[in-house]
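*Asks:* Can you look at this prediction? I've put the sequence above it.
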Amino acid sequence: MSISRHIEEYLDEQGIVEKAEVVPESACQVFEKDVVAGDEGLRAAEQLLKDLLG
């Protein structure tokens with residue numbers, strides 16, 4: 001029996017909803033778009049490696 005089950009039961013009984021809001025400490029930690037999707041440079045590098053490695 002894990003302790004997390006007891007914690008989850010307690011939270012349910014108390015009506016507590018878990019919430020993990022992250023507050024960035026600086027503007028450098030704010031990401032407004034998907035960094036990987038649509039990155040042509042990354043796709044080109046991937047293709048170059050595939051070509052080199054066969």
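*Replies:* Thanks, I have it. Numbers count the residues shown, from 1 in each chain.
*Asks:* The longest helix anywhere in the chain: which residues count as buried?
*Replies:* If each helix of the chain is counted by residues according to DSSP state H, the longest one is helix 40-53. The neighbour-count check on helix 40-53 (16 or more other C-beta atoms under 10 Å) flags nothing as buried. Every residue, glycine included, has its C-beta placed from N, CA and C.
*Asks:* Give me the mean pLDDT for that helix.
*Replies:* Average pLDDT, helix 40-53: 89.
*Asks:* The protein: helices as residue ranges?
*Replies:* Here the chain has its helices, by DSSP H, at 3-14, 40-53.
*Asks:* so which of these comes closest to F31?
*Replies:* With C-beta to C-beta as the measure, helix 40-53 is the member of these nearest F31 (15.7 Å).
*Asks:* got the CA positions of that closest one in PDB?
*Replies:* What follows is helix 40-53, C-alpha atoms only, in PDB (Å, rounded to 0.1, in the frame of the first residue of the first chain):
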ATOM      1  CA  GLU A  40      13.400  23.500 -40.300                       C
ATOM      2  CA  GLY A  41      17.000  23.800 -38.900                       C
ATOM      3  CA  LEU A  42      16.400  20.800 -36.700                       C
ATOM      4  CA  ARG A  43      14.900  18.800 -39.600                       C
ATOM      5  CA  ALA A  44      17.800  19.700 -41.900                       C
ATOM      6  CA  ALA A  45      20.300  18.600 -39.200                       C
ATOM      7  CA  GLU A  46      18.400  15.300 -38.800                       C
ATOM      8  CA  GLN A  47      18.500  14.700 -42.500                       C
ATOM      9  CA  LEU A  48      22.200  15.500 -42.700                       C
ATOM     10  CA  LEU A  49      22.900  12.900 -40.000                       C
ATOM     11  CA  LYS A  50      20.700  10.300 -41.700                       C
ATOM     12  CA  ASP A  51      22.600  11.000 -45.000                       C
ATOM     13  CA  LEU A  52      26.000  10.700 -43.300                       C
ATOM     14  CA  LEU A  53      25.200   7.600 -41.300                       C
END
